[in-house]
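Student: structure here, sequence nowhere to be found:
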C-alpha cells in the first residue's frame, strides 16, 4: 500500500466486504454497498489524480493513509443516505462519525512525528473534514433533527472554494490557524450532538445553529484577512 492507487484499491476491497456485512447485520437496503462503493470510488479517483500531480514523494505515507481511512469511514456514512431513519441507524452513524473524528487527530500527529507534513496532506485532511461535515449535515436533515438550512454548514466550504474561482484573492493561501481547526471540531461535534438519538428537537436544531454560527465566524475572519492582505499587496505594487 505504498502508493495512492494501491491504498485506494485495498480500501475499496475492504469496504466492499464491510458494507455487505453491515447491510446484512443492520438490515440496511440492498443498495447500501453500492452507495458506499460509488462514494469511495469518487473520493479515491480524486485522491489518485491529485496525489500524482501534487505529492512530491512516490510513497503515499502513513499519515495520508490514515486520512484515506477517514475517507473510507465517511463513505460508510454516505451509504446511509436514503436508508430508513431509525434510532439504531442514528447510533451507527454516530459511532462511525466519532471514529472519523478521532482519526482526525491521529493523521496530523503521525505526519509531524514522521516528518511527512506536506501541502497535499494538509489539503487532503481539510477536504475530508469538509466532506464529513456535509455528510453529517445531510444525515441530520434525513433524521429530521433540523431544517434544510443545516446543509449551509456543509456547503459553506464549497461556496468559499467556488468564490475563489471567481475572485482569485479568495484562493490565496491562508496561514495555519488553531482557530480554524478548533471550529472544525466544534462544527462536527455539534452535528454529532444533533444525530444522537437522545437529542430531541428543538435542542438538536439549536446545536446545529451554534455550529454553523461558529463556522460562519471562522470563514468571516479568513475572508477579512484575505481582503486586507490583498489591499496590502496592491499598495506595495503601486
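Tutor: Nice, thanks for sending it over. Remember, predicted model here, so these are calculated numbers, not experimental data.
Student: what's near enough to touch residue 138?
Tutor: By C-beta atoms under 8 Å, 6 or more residues apart in numbering, the contact set of residue 138 is 81, 151, 154. C-beta: built from backbone N, CA, C; applies to glycine.
Student: name the SS class of the first one, please.
Tutor: Read it as residue 81. Per DSSP: H, G, I helix; E, B strand; the rest coil, the local secondary structure of residue 81 is coil.
Student: rewinding a little: select only the buried ones of the contacts of residue 138 in PyMOL?
Tutor: Restricted to buried positions by 16 or more other C-beta atoms under 10 Å, the PyMOL selection for these reads:
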select buried, resi 151+154
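Student: between the contacts of residue 138, which is closest to residue 37?
Tutor: Among the contacts of residue 138, residue 81 lies closest to residue 37 (C-beta to C-beta), at 13.7 Å.
Student: I figured residue 125 was touching residue 107, is that so?
Tutor: Yes: contact criterion C-beta atoms under 8 Å: residue 125 and residue 107 qualify, at 6.1 Å.
Student: more neighbours: which of these two?
Tutor: Between residue 125 and residue 107, counting by other C-beta atoms under 10 Å, residue 107 is the more crowded of the two (24 against 21).
Student: which other helices and strands contact the host helix or strand of that one?
Tutor: Element membership for residue 107 (DSSP states H and E) is helix 87-114. Judged by 3 or more C-beta pairs under 8 Å, 6 or more residues apart in numbering; DSSP states H and E, the packing partners of helix 87-114 are helix 62-78, helix 119-142, helix 178-195.
Student: with distance to residue 171 added, can I get these in CSV?
Tutor: Below are those laid out as CSV (distance: least, C-beta to C-beta, whole Å):
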stretch, distance to residue 171
helix 62-78, 22
helix 119-142, 12
helix 178-195, 16
